[in-house]
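A.B. asks: Show me the folded form of this:
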Amino acid sequence: MTPAELLQDAFGRIVEGGTAVVDGLSDDQLTHRIAPGTNTIAWLVWHLARGQDAQVAGVAGHEQVWTAQGYAERFGLPFDVRTTGYGQSAEEVGQVRVSADLLADYLRATHEATVGWLAQVSAEDLDRVVDERWDPPVTLGVRLVSILEDDIQHLGQANLIRGILERS
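C.D. replies: As a prediction, this is how the structure comes out:
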């Protein structure tokens with residue numbers, strides 16, 4: 001297995017889990033908060049897709065799926081088009097109110113862009129420095145693992161919320 005194949009498999013698990021966690025949920029379930037001020041499934045899945053989309057586009061040098069494929073308009077969120085969810089308030093989290101189908105579509109489109117680009121990534125590419133603002137500077141490999149780690153955490157949170165909703 002090549003590094004690109006390994007990364008494609010890992011990102012494949014994100015899209016599988018993300019589409020499964022929203023499957024069949026109503027708009028009310030997607031925006032339910034298990035406690036005041038907590039994240040919702042809709043926000044978590046949107047945020048994990050937005051983070052992946054923005055960060056992969058940044059290192060790949062291509063336009064984000066969010067803008068290139070019109071998802072910013074389709075979602076109609078009251079945020080700047082560059083917003084990915086980082087640092088948003090509880091009020092802003094509550095403004096992500098979209099259907100399960102739209103969330104899954106955006107996640108799948110982001111996944112396709114990610115794995116399509118990963119197909120050309122070599123083992124040597126993973127050592128390329130992509131962010132010098134850190135000490136040590138961040139390599140492509142470290143950035144991709146960071147994206148995966150963030151997505152995995154948010155997917156786990158969304159699954160926890162779904163599990164609570166199913167048992168309520």
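A.B. asks: Would you map the helices across this structure?
C.D. replies: 3-22, 27-30, 41-60, 65-68, 71-75, 90-94, 100-118, 140-167 (DSSP state H).
A.B. asks: what residues are up against Val96?
C.D. replies: 31, 40, 42-43, 46-47, 75, 77 (CB atoms under 8 Å, 6 or more residues apart in numbering). Quick note: C-beta positions are derived from backbone N, CA and C, even for glycine.
A.B. asks: Any chance of those in TSV with neighbour count, distance to Glu132 and pLDDT as columns?
C.D. replies: Output for the contacts of Val96, formatted as TSV (neighbours: other CB atoms under 10 Å; distance: CB to CB, whole Å; pLDDT from 0 to 100):
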residue	neighbour count	distance to Glu132	pLDDT
Thr31	18	39	98
Thr40	21	35	98
Ala42	26	35	98
Trp43	28	31	98
Trp46	27	29	98
His47	23	26	98
Phe75	17	32	98
Leu77	18	31	98
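A.B. asks: Out of these, flag the one nearest to Leu155.
C.D. replies: His47 (10.6 Å; CB to CB).
A.B. asks: ok, now which ones touch that closest one?
C.D. replies: 39, 84-86, 96, 154.
A.B. asks: repeat for Leu48
C.D. replies: By CB under 8 Å, 6+ apart, the neighbours of Leu48 are 14, 18, 107, 150-151, 154-155.
A.B. asks: now for those residues, which pair is the farthest apart?
C.D. replies: The most distant members of those, if one measures by CB to CB, are Leu107 and Asp150, lying 14.0 Å apart.
A.B. asks: When these two are compared, which one has more neighbours?
C.D. replies: Leu107 (27 against 17; other CB atoms under 10 Å).
A.B. asks: Surely the more buried one and Gly51 touch.
C.D. replies: No - judged on CB atoms under 8 Å, Leu107 makes no contact with Gly51 at a distance of 11.3 Å.
A.B. asks: Make CSV out of the contacts of Leu48 and add distance to Gly141 and pLDDT.
C.D. replies: Listed next are these as CSV, based on distance: CB to CB, whole Å; pLDDT from 0 to 100:
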residue, distance to Gly141, pLDDT
Ile14, 17, 98
Gly18, 23, 98
Leu107, 23, 98
Asp150, 15, 98
Asp151, 16, 98
His154, 21, 98
Leu155, 21, 98
